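Asker: Turn this into a model:
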Amino acid sequence: MIILLSTLLACGEKEDTASEPAIEPSTEPSSEDTATDILIDCIELSVDQCGERSDCAIITGREITVDQDNTCFTVSDTTIELGCHSADIGCTEAEEYAMDPAVGECTWFSNGCLPTGWESCSMEMEQCP
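Answerer: Numbers count the residues shown, from 1 in each chain. Purely as a prediction, here's the structure:
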């Protein structure tokens, strides 16, 4: 009987170790913060850095050559990498002309996504046949 009583008393004094662990606040940014950070980060990246990240997409365009003699222009078959943006940004399907203000020459874009700081421009002549 004494053994049984001491066993019960010993069990009654044990701490409850089966409680749930405390939940710590998350240090991860919210999805709103993450989207903004991705957008800012991608815009600021070089084209080479952009290509290394799956959350960013390279903005491409094609150079335009003006034929002054025939008063027309041609669009290069070769794309050039001009900038970076978040891969989550949807581009339009509209063709667009834009220029880097530092260079001042129009470039053709196939999808409406333009590099940061570029301005829309128009071609005042027809495309060469």
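Asker: which residues of the chain score low on pLDDT?
Answerer: For the chain, the stretches with pLDDT under 70 are 1-40.
Asker: Do a quick rundown of the helices in the protein.
Answerer: 2-13, 31-44, 47-51 (DSSP state H).
Asker: mind listing the strands for this protein?
Answerer: For the chain, the strands defined by DSSP state E cover 56-67, 72-86, 96-99, 106-109, 119-120, 126-127.
Asker: Check the ones you listed for me and report the most buried one.
Answerer: Among the strands of the chain, strand 106-109 has the highest mean neighbour count (mean count of other C-beta atoms under 10 Å), at a mean of 22. In short, each C-beta sits where N, CA and C put it, glycine included.
Asker: helices or strands up against that one?
Answerer: Contacts defined by 3 or more C-beta pairs under 8 Å, 6 or more residues apart in numbering; DSSP states H and E place strand 106-109 against strand 56-67, strand 72-86, strand 96-99.
Asker: As CSV, could you dump the C-alpha coordinates of the shortest one?
Answerer: Coordinates of the C-alpha atoms in strand 96-99 are reproduced here as CSV (Å, rounded to 0.1, in the frame of the first residue of the first chain):
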residue,chain,number,x,y,z
GLU,A,96,4.7,48.6,-79.4
TYR,A,97,7.5,51.0,-80.3
ALA,A,98,9.5,52.6,-77.5
MET,A,99,12.8,54.3,-77.0
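Asker: Show me what it is packed against.
Answerer: Strand 96-99 packs on strand 106-109, strand 119-120, going by 3+ C-beta pairs under 8 Å, 6+ apart.
Asker: List of residues touching that strand?
Answerer: Residues outside strand 96-99 that contact it (C-beta atoms under 8 Å, 6 or more residues apart in numbering): 61, 64, 105-109, 111-112, 114-115, 118-123.
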